[in-house]
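Peer 1: need a structure here:
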Amino acid sequence: MAKCVVAEVIGMVRRLSAVEKIGKRTRRLDDLLLSVVDETLKQVFREAGTKVICNYLENNFHLKWEEIAKKPEVFSAGLERLLGSGASSRENDSQEFVL
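Peer 2: Residues are numbered from 1 along each chain as shown. This is a model prediction of the structure:
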């Protein structure tokens, strides 16, 4: 269940990163994306688990929280490595569901 939700977040990050970036609109989209990622991670992993994930990404992938929207491929790779190969396979399922 948790891997499925995280895979959905990864897919969303990838799709939103493809949006054309224009001035303030980009900042609002980035803020919205970070808010969705934060809320989803907290629902799945609770506050403590979300902090562990953030620390893992920063320590192992040099990805700060506020950079997630700018570097979705790093975020995705970090989650896949942390959660194992199941996140990647479930991501494809969730993308098909959304489309």
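Peer 1: what's the burial count for Met12?
Peer 2: Neighbours of Met12 under the rule other CB atoms under 10 Å: 19. In this view, the C-beta of every residue, glycine as well, is placed from N, C-alpha and C.
Peer 1: next, count neighbours for Leu32.
Peer 2: If we define neighbours as other CB under 10 Å, then Leu32 has 12 of them.
Peer 1: just checking, next helix/strand downstream of the host helix or strand of it?
Peer 2: Assessed by DSSP states H and E, Leu32 sits inside helix 23-61. Per DSSP H and E, the first helix or strand lying C-terminal to helix 23-61 is helix 72-83.
Peer 1: quick check: angle from that following helix to helix 23-61?
Peer 2: Angle of helix 72-83 versus helix 23-61, following axes from the mean of the first three to the mean of the last three CA atoms, to 10 degrees, is 30 degrees.
Peer 1: what about the residue lying closest to Ser76 once chain neighbours are set aside, which SS state?
Peer 2: Take Ser76 and drop its neighbours on the chain: the residue closest to it by CB to CB, 6 or more residues apart in numbering is Ile10, 4.6 Å away. Following DSSP: H, G, I helix; E, B strand; the rest coil, the label given to Ile10 is helix.
Peer 1: okay but Ile10 is in contact with Glu80, surely?
Peer 2: Yes - Ile10 lies in contact with Glu80 (CB atoms under 8 Å); the separation is 7.5 Å.
Peer 1: higher neighbour count, those two?
Peer 2: Higher neighbour count among Ile10 and Glu80: Ile10, with 26 against 19, using other CB under 10 Å.
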